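Student: below is the sequence, then the predicted model.
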Amino acid sequence: MSPYTLLEKHFGANRTGCELVYRHSRMVADKALAIARHNADQPLDLGFIEEAALLHDIGVARVHAPKLNCFGHAPYICHGILGREMLEAEGLPRHALVCERHIGVGLSVEDIAAQKLPLPPREMAPTCREERIVTLADLFFSKRPGELEREKSLAEVRADLFKFGPHKVAILEGWLRELLPFLAHE
């Protein structure tokens with residue numbers, strides 16, 4: 001089943017929410033593929049990167065986010081774990097882990113406890129290069145109305161992450177050195 005067909009299946013009658021998430025995810029996928037091409041010297045699964053990027057926000061279908069035309073019962077922060085459940089049920093365990101691990105630059109057990117997040121207390125951070133690529137690409141795009149088509153600058157990405165502590169920016173800097181070294185000093 002194609003990623004778009006899976007999104008349609010899980011969003012059901014919510015065409016507006018589905019289209020919004022798909023448009024965001026398409027931009028994330030294009031950015032992720034561009035990042036992957038800068039790492040052509042490394043063995044990367046480009047098909048997986050594209051599919052995972054297109055599905056990383058499938059869990060939004062089940063959250064309460066009226067601005068995104070989604071009226072589920074779960075808080076928005078739960079879209080990662082909900083997406084994992086949905087994609088595991090679809091037989092896509094690798095894609096499911098991207099859903100769970102793509103929030104910010106990942107969530108640690110300490111983050112979950114300190115912020116009192118309604119999430120299971122486990123590490124939810126990207127563990128492989130493909131997961132980091134999708135997560136990094138996602139940082140550059142918002143689903144907020146009026147901002148959907150705009151790619152954030154690296155300075156904006158850093159500022160967004162700094163709200164959660166300098167250690168989150170440090171993770172980003174490590175990813176930039178690994179995946180996009182020409183941007184690391186920007």
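Tutor: Sure, I can see it.
Student: could I get the buried residue list for the helix or strand encompassing residue 49?
Tutor: Residue 49 is part of helix 46-55 when elements are defined by DSSP states H and E. For helix 46-55, burial by neighbour count (16 or more other CB atoms under 10 Å) applies to 48-55. Where you see a C-beta, it was placed from the backbone N, CA and C, and this is true even at glycine.
Student: make a markdown table out of these and add pLDDT and distance to residue 108.
Tutor: Formatted as a markdown table, those follow (pLDDT from 0 to 100; distance: CB to CB, whole Å):
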| residue | pLDDT | distance to residue 108 |
| --- | --- | --- |
| 48 | 98 | 25 |
| 49 | 98 | 24 |
| 50 | 98 | 28 |
| 51 | 98 | 26 |
| 52 | 98 | 21 |
| 53 | 98 | 23 |
| 54 | 98 | 26 |
| 55 | 98 | 24 |
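Student: and which of those residues is nearest to residue 139?
Tutor: Nearest to residue 139, judged by CB to CB, of those is residue 53 at 12.2 Å.
Student: need the pLDDT of the residue nearest to that closest one when sequence neighbours are not counted.
Tutor: Spatially, and ignoring its direct neighbours in sequence, residue 53 is nearest to residue 29 (3.6 Å; CB to CB, 6 or more residues apart in numbering). pLDDT, residue 29: 98.
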